[in-house]
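K.L.:
mind folding the following:
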Amino acid sequence: IEHPISNIPLLFALEQNYPNPFNPVTVIQYAVSSSQYVSLKIYNLLGQEVTTLVDEMQEPGYKSVKWDASKLASGIYLYRLTAGSYINVKKLVIMK
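P.N.:
Reported below is the predicted structural model:
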C-alpha cells in the first residue's frame, strides 16, 4: 500500500530568507500545520514595524512570500512569524 505524499506540514516552521543578504527582493518561506491566523511582519533593529507581509487566516501548507525592499535603507532587519501560539524571529540583511 502506497501512502500519498502530504502537502500538510507536521509542524509550524519559519525558514531563512533567500537570498540573504539581498538587493532588493527576497523570498521568505514558512509552514503552517493547521488552520491559523498568520502574521508575518518585518521590523527594524529598533523594534519598529516596517511592513506587514501576511495578516490573515491561512489553511495548512507550505507558503512563500516575495518581499521587495527597494524603498528601504541597507541594514539588518528582523522578520517575525506568528501563527497561533507559534512565534519565530529571524534576521535578514539588505545590502545595496
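
K.L.:
stretch 21-39: end-to-end distance?
P.N.:
Using CA to CA, to the nearest Å, the end-to-end distance of stretch 21-39 comes to 23 Å.

K.L.:
so where's the chain uncertain?
P.N.:
By pLDDT under 70, the weakly predicted segments of the chain are 1-6.

K.L.:
contacts only, for Ala73.
P.N.:
94, 96 (CB atoms under 8 Å, 6 or more residues apart in numbering). C-beta here means a position set from N, CA and C on the backbone, and glycine is covered the same way.

K.L.:
in which helix or strand would I find it?
P.N.:
Per DSSP states H and E, Ala73 falls between elements, in no helix or strand.

K.L.:
who's in contact with Tyr86?
P.N.:
Applying CB under 8 Å, 6+ apart to Tyr86 gives the contacts 12, 36.

K.L.:
could you redo the last one with a cut-off of 7 Å?
P.N.:
Phe12 (CB atoms under 7 Å, 6 or more residues apart in numbering).

K.L.:
look up how far Leu78 lies from it.
P.N.:
16 Å (CB to CB, to the nearest Å).

K.L.:
Ala13 contacts Gln29, doesn't it?
P.N.:
No. Ala13 is not in contact with Gln29 according to CB atoms under 7 Å; the separation is 8.4 Å.

K.L.:
show me what the residue lying closest to Tyr18 once chain neighbours are set aside is bridged to.
P.N.:
Spatial nearest neighbour of Tyr18, excluding adjacent residues (CB to CB, 6 or more residues apart in numbering): Val27 at 5.6 Å. Beta-bridge pairing of Val27 under DSSP bridges involves Tyr18, Lys66.

K.L.:
ok, Val27 - contacts?
P.N.:
Neighbour list for Val27: 17-18, 64, 66 [criterion: CB under 7 Å, 6+ apart].

K.L.:
now, among those, which is nearest to Ser35?
P.N.:
Proximity of the contacts of Val27 to Ser35 (CB to CB) peaks at Ser64, which lies at 18.4 Å.

K.L.:
so that closest one is in contact with Val32, correct?
P.N.:
No. Applying CB under 7 Å as the test, Ser64 and Val32 come out as separate, 11.6 Å apart.
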